[in-house]
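Student: I'll drop the sequence and a predicted model, then ask my questions.
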Amino acid sequence: MQFEIKQKDALSKARAGKMTTAHGVIETPIFMPVGTIGTVKGVHQKELTDEVNPDIILGNTYHLYLRPGTEILEKAGGLHKFMNWDRPLLTDSGGYQVYSLSANRKIKEEGVKFKSHIDGSTHFFSPEFSMDIQRSIGADIFMAFDECTPYPCDYHYAKRSMHMTHRWLDRCITHNAKTPTKYGFDQAFFPIVQGSTYKDLREQSAEYIANSGAVGNAIGGLSVGEPAPEMYEMTDIVCSILPEDKPRYLMGVGTPINILENIALGVDMFDCVMPTRNARNGMLFTAHGTINIKNKKWEADFSPIDDMNITWVDTYYSKAYVRHLFTVNEMLGKQIATIHNLGFYLWLTREARKHIIAGDFRVWKDKMVKQMDKRL
């Protein structure tokens with residue numbers, strides 16, 4: 001994988017870059033739709049490529065390991081071929097999902113024992129096994145196995161967890177050096193900064209990750225319930241330490257406002273289930289604020305979903321019609337909302353890139369944050 005910075009913003013730390021992978025070019029800043037189990041929920045691949053048009057999407061190691069399993073993925077030739085996706089893919093390591101299973105898992109130095117959310121069966125993820133699964137999935141970018149701490153988190157627990165994450169990283173690196181790729185192309189490995197919301201821990205972790213020499217780096221353990229100002233403070237600290245000439249990926253973030261503020265702090269890559277999950281619950285994101293399409297106020301509003309004309313659904317369907325689909329629990333309503341929200345997130349990061357290149361990102365960002373911080 002190669003990364004180059006095309007332009008920096010004069011009034012913030014935002015930058016426009018270009019990543020080149022085996023399956024295509026990724027222009028940053030970029031939002032990556034979450035395709036947890038080999039699909040971006042509710043959207044088939046043709047709609048993704050034709051309408052949402054992401055440079056890269058995500059797959060989830062934990063879920064793909066459970067279903068369909070690595071044997072099927074290897075027989076298919078990897079996730080790209082299994083889901084008929086010819087653009088870049090990124091996989092997380094399963095660490096966050098194990099974190100979310102707090103009632104059904106036990107963390108030790110060797111790894112994590114957990115129970116499947118599907119059938120209660122017991123499984124064990126070590127750093128090495130997580131790497132093996134991600135080799136079988138075959139994503140262009142794959143992540144180190146880490147522990148994502150909760151918020152709030154006791155300082156001493158956060159410190160122990162951070163050091164264990166660093167030891168797990170060393171094991172991942174050692175194991176990767178001994179295991180070749182499976183499908184004829186290189187996979188880029190990203191380690192993950194942890195440390196909860198403690199400045200000194202974030203500094204230590206960022207230094208450790210920076211010294212690992214990886215081609216890109218990630219920031220984990222944020223957007224887990226902490227106030228936004230704390231998220232921004234931690235991101236700012238970490239980005240000031242991580243190498244400037246390598247991409248920075250802020251995992252699991254976030255709202256449109258979160259994304260713009262973190263772009264201004266030097267982050268290049270984002271992912272979040274928010275646009276798809278909220279879409280299925282009737283919340284639409286727009287440049288003018290958020291819409292709860294199920295509200296009665298839209299019952300006779302025949303204007304387009306969004307006047308930005310981001311995807312074809314924005315002018316093809318009215319607010320009244322989409323509200324009607326939600327009212328009668330018609331699946332099409334959720335599909336329309338999902339395409340719109342994903343399209344908006346991709347539009348937002350691409351507009352950010354345009355304004356970084358044009359030299360007026362900070363002014364545009366401040367205006368957009370005010371506009372989007374409204375309930376319509």
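Tutor: Nice, I can see it.
Student: from Arg160, how far out is the residue nearest the centre of the chain?
Tutor: What sits nearest the mean C-alpha location of the chain, by C-alpha atoms, centre = their mean, is Asp271, with 1.7 Å. Counting by C-beta to C-beta, to the nearest Å, the gap from Asp271 to Arg160 is 27 Å. In short, each C-beta sits where N, CA and C put it, glycine included.
Student: go on, Trp364?
Tutor: 42 Å.
Student: again with Ile107
Tutor: 10 Å.
Student: how about Tyr198?
Tutor: Noted for Tyr198: a distance of 12 Å to Arg160, by C-beta to C-beta.
Student: likewise Pro68?
Tutor: For Pro68, the distance to Arg160 - C-beta to C-beta - is 35 Å.
Student: more neighbours, the two?
Tutor: Pro68 (16 against 13; other C-beta atoms under 10 Å).
Student: that's a helix at the more buried one, yeah?
Tutor: No - read with DSSP: H, G, I helix; E, B strand; the rest coil, Pro68 is coil and lies in no helix.
Student: and the pLDDT for it?
Tutor: Note for Pro68: predicted pLDDT of 98.
Student: the one 10 residues further on now?
Tutor: Gly78 is assigned a pLDDT of 98 by the prediction.
Student: and the next element down the chain from the stretch of helix or strand Ala352 belongs to?
Tutor: Using DSSP states H and E, Ala352 sits within helix 331-358. Using DSSP H and E, the helix or strand that follows helix 331-358 towards the C-terminus is helix 361-372.
Student: Glu128: how many residues sit nearby?
Tutor: Glu128, neighbours per other C-beta under 10 Å, totals 19.
Student: oh sorry, the question was meant for Thr149
Tutor: So Thr149, with other C-beta under 10 Å, has 24 neighbours.
Student: wait, it sits on Ala158?
Tutor: Yes - Thr149 lies in contact with Ala158 (C-beta atoms under 8 Å); the separation is 5.3 Å.
Student: okay, the closest residue to Ile291 other than its chain neighbours and Tyr62: tell me how far apart.
Tutor: Closest residue in space to Ile291, ignoring its immediate chain neighbours: Leu284 at 4.3 Å, by C-beta to C-beta, 6 or more residues apart in numbering. In this view, Leu284 and Tyr62 are 29 Å apart by C-beta to C-beta.
Student: please enumerate residues in contact with whichever strand or helix holds Phe3?
Tutor: Phe3 is part of strand 2-8 when elements are defined by DSSP H and E. Residues from elsewhere that reach strand 2-8 (C-beta atoms under 8 Å, 6 or more residues apart in numbering): 14-20, 215-216, 244-247, 356-357.
Student: try it again at 10 Å.
Tutor: Applying C-beta atoms under 10 Å, 6 or more residues apart in numbering, the contact partners of strand 2-8 are 14-21, 25-28, 188, 215-216, 243-248, 266, 268, 353, 356-359, 361.
Student: can you show me the CA trace of stretch 44-60 as PDB?
Tutor: Provided in PDB are the C-alpha atoms of stretch 44-60 (Å, rounded to 0.1, in the frame of the first residue of the first chain):
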ATOM      1  CA  HIS A  44     -26.800  -4.600  -2.900                       C
ATOM      2  CA  GLN A  45     -23.400  -4.100  -4.400                       C
ATOM      3  CA  LYS A  46     -24.700  -2.500  -7.600                       C
ATOM      4  CA  GLU A  47     -26.400   0.300  -5.600                       C
ATOM      5  CA  LEU A  48     -23.200   0.700  -3.700                       C
ATOM      6  CA  THR A  49     -21.000   1.100  -6.700                       C
ATOM      7  CA  ASP A  50     -23.500   3.100  -8.900                       C
ATOM      8  CA  GLU A  51     -25.000   5.400  -6.200                       C
ATOM      9  CA  VAL A  52     -23.100   5.500  -2.900                       C
ATOM     10  CA  ASN A  53     -19.800   4.900  -4.800                       C
ATOM     11  CA  PRO A  54     -17.400   4.200  -1.800                       C
ATOM     12  CA  ASP A  55     -13.700   3.700  -2.500                       C
ATOM     13  CA  ILE A  56     -13.600   1.100   0.300                       C
ATOM     14  CA  ILE A  57     -15.900  -0.800   2.600                       C
ATOM     15  CA  LEU A  58     -15.500  -2.800   5.900                       C
ATOM     16  CA  GLY A  59     -15.800  -6.400   6.800                       C
ATOM     17  CA  ASN A  60     -16.000  -7.800  10.300                       C
END
